[in-house]
Every structure is written in C-alpha cells, then in structure tokens.
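Enquirer: structure, please.
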Amino acid sequence: MSANILVFDSGVGGLSILAAVREQVPSANYYYLFDNARLPYGELDEQELIQGCVTLISQAVVQCQADIVVVACNSASTLILPALRACLRIPVVGVVPAIKPAAVLSRNKHLGLLATPGTVNRQYTQDLIEQFASDCRVDRFGSSELVYLAEDKMAQRPVDSEALHNILAPIKASGLDTLVLGCTHFPILREELQSYFGEAVHLLDSSNAIAARVVSLLETSMSGERGKSQALHTTNTISEGLRKTLAAWGFRSATVFNGSLSKSGS
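Expert: Predicted structure coming up:
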C-alpha cells in the first residue's frame, strides 16, 4: 500500500524538498500544502506562526490520511516541531540548515548562511553554529525578498536580476567558499545563485538529508507505480503561471485548503 506523504511550506520552496523525497519514494502519494496566505513565515510573530501551522497541518493530516509529515520550511521547523509532534501520532520531519556538512566541506573555514531574517536570528540557529561550526567563521545573511524572487520564478514571472544581485553582492564580497541555503525557497534559484557566485562557492541545502530521513521512517514499500500528487494552497486563487508550474511538477490539481479538501480546482 502506498504511503501518503504530506509536505508543508509557506510557499513553493518546499517543492525542492518534495522533489528529493519523491525521487527516493516515487510510489507514495504526495500532498503539498503551502500556506501562501501568510507568506513569508520569516516575518511572522512566533506564537502566531506556531498556532497557525499546528492547526493547519493537523487538519491536513486528517483530510489527507497522512502517514508522515515533512515540514519543508526552515522558519517553521525552528519553532513548531515540538508542538506539532505533541499533537500528532505520525512521524514529523523538519528541516534544519546544513551547517554541519558545510563546516566539513569548507576549505577556508568561512561559511555563510542565507536564510529568512527569522531563521538567521533564532537561538536555534546559533546553537547549530556553536555545535557544528565552532571552528569556522559563519556570516549570516537574512533576506525575505529572495523568497519572493523564488515565488516569481515558480509563477513563470521574470526574476529581477538587479534585485537578486543587490541581495547577493555582500555575500560575494565576504570571501566565503561555502553558502548554506537555509530557506527551502532558495534552491529554486540555485542556477541564478551559482551563476552569480561562480564555481568557487559551494551551495548546500538539506533536501537529500531530508529525503533519507523520510525513507528511514516509512514502513511501506518504496517500489511500485508512481503515486498521485495534489497541491493545496490557502489563498483563494493562484496565478496561471504557478498552476502551469505545478502541473509540470506532476500535480494533477491545485485546490484551496481551508481545513478540508476542496473537490474542484481553484
């Protein structure tokens, strides 16, 4: 029997995680829930974020009959996991910035963390750095604008190269050789980022590690025919460009989720 996997994010960034998981478990049924009504999470009050996410995800678990939840959002993962795990009886996998492998990979021991302001400034992130990169210089760069640029790309709108370069210029000037993409939106812009930084800067994210963790927790078979994929969003509508992108990613439909599954596309 195919597993039902619920992947959750504030926007389309979690698709970078879903793609890695689906590559390992193609037979599962995937529900991608993105809370685009409250995007970006990195700017929300912490209690508002915790309460809203726990309620929304708990409702979706019931409606989708999920076997496992992947919180594919760094901002949410740094806050909501304890409360969410207390509410659910199924495995919950979160995302953490890839500080540990970055510290090993870096040759000049100069890392960067590019994430939303919320993730950059949380004590959780500081603890990761102290635990796994105490021998490194770690510069932190917070950007919410980069989230919107990734959303633009997924909606098939042009990415503002001037805005992108303004965000990235201080990072390039710092001299780091390894950059952790600490928001799941940012791998969507990997091509643009790598083009700007050049091959001398390694870009790391957590997608493969999350996929491996999901595989280790699932008790169902990994083989079989490809499962279905359904996208769920919290705004009343999404752009036609985003709908086309979701279809290209294999989603048979994109529907509004307000606590229950809609029967028709939005």
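Enquirer: contacting residues for R243?
Expert: A254 (Cβ atoms under 8 Å, 6 or more residues apart in numbering). Glycine gets a C-beta too; all of them are placed from N, C-alpha and C.
Enquirer: so who does G112 touch?
Expert: By Cβ under 8 Å, 6+ apart, G112 lies in contact with V138, D139, R140, F141, I171, S174, L176, T178, L179, V180.
Enquirer: and it, which of the three is it?
Expert: Classification of G112 by DSSP: H, G, I helix; E, B strand; the rest coil places it in strand.
Enquirer: what's the separation between it and L56?
Expert: Between G112 and L56 the distance, using Cβ to Cβ, to the nearest Å, works out to 32 Å.
Enquirer: got phi/psi on the residue nearest to K109 when sequence neighbours are not counted?
Expert: Taking Cβ to Cβ, 6 or more residues apart in numbering, and ignoring the residues beside it in sequence, K109 has C136 as its nearest neighbour in space, at 4.5 Å. C136 adopts backbone torsions of phi -120, psi 160, taken as degrees, to the nearest 10.
Enquirer: how many neighbours does C136 have?
Expert: The local packing count at C136 equals 19, with neighbours defined by other Cβ atoms under 10 Å.
Enquirer: now it: how far from G142?
Expert: 19 Å.
Enquirer: same question, A155
Expert: Distance from A155 to G142, counting by Cβ to Cβ: 23 Å.
Enquirer: is it true that L179 touches L111?
Expert: Yes: taking Cβ atoms under 8 Å as the definition, L179 is a contact partner of L111 at 7.4 Å.
Enquirer: which neighbours do these two share?
Expert: Common neighbours of L179 and L111 are listed as A102 (criterion: Cβ under 8 Å, 6+ apart).
Enquirer: now stretch 161-175, how far from the centre of its chain.
Expert: Shown here is stretch 161-175, whose average C-alpha point lies 22 Å from the average C-alpha point of the whole chain (Cα atoms, centre = their mean, to the nearest Å).
Enquirer: which residues outside it are in contact with it?
Expert: Contact with stretch 161-175 is made by 108, 110, 112, 114, 139, 141, 143, 145-146, 149, 179, 189, 192-193, 196-197, 201, as judged by Cβ under 8 Å, 6+ apart.
Enquirer: any quick PyMOL command for the buried ones out of those residues?
Expert: Here is the PyMOL command that picks out the buried ones among the contacts of stretch 161-175, judged by 16 or more other Cβ atoms under 10 Å:
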select buried, resi 112+114+139+141+143+146+149+179+189+192+193+196+197+201
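Enquirer: restricted to helices, list the contacts of stretch 161-175.
Expert: By the criterion of DSSP state H, membership of those in helices covers E145, L146, L149, E192, L193, Y196, F197.
Enquirer: what is the nearest of those to V120?
Expert: Checking those against V120 by Cβ to Cβ gives L146 as the nearest, at 11.9 Å.
Enquirer: apart from its neighbours in sequence, what residue is nearest the closest one?
Expert: Leaving aside its chain neighbours, L146 sits nearest to I167 (5.6 Å; criterion: Cβ to Cβ, 6+ apart).
Enquirer: helix or strand: which one has that neighbour?
Expert: Following DSSP states H and E, one finds I167 within helix 161-174.
Enquirer: what sits against the closest residue to G227 other than its chain neighbours?
Expert: The shortest distance from G227 to any non-neighbouring residue, by Cβ to Cβ, 6+ apart, is to N29 (4.1 Å). N29 is in contact with S2, A3, N4, I5, G227, K228, S229, Q230, counting by Cβ under 8 Å, 6+ apart.
Enquirer: now swap in L105 and tell me
Expert: The contact partners of L105, by Cβ under 8 Å, 6+ apart, come to T178, H202, L204.
Enquirer: at 10 Å instead, please
Expert: For L105, the contacting residues are A98, L111, D177, T178, V180, H202, L204, taking Cβ atoms under 10 Å, 6 or more residues apart in numbering as the criterion.
Enquirer: out of the residues you listed, which is most surrounded?
Expert: With neighbours defined as other Cβ under 10 Å, the most crowded of the contacts of L105 is V180; it has 30 neighbours.
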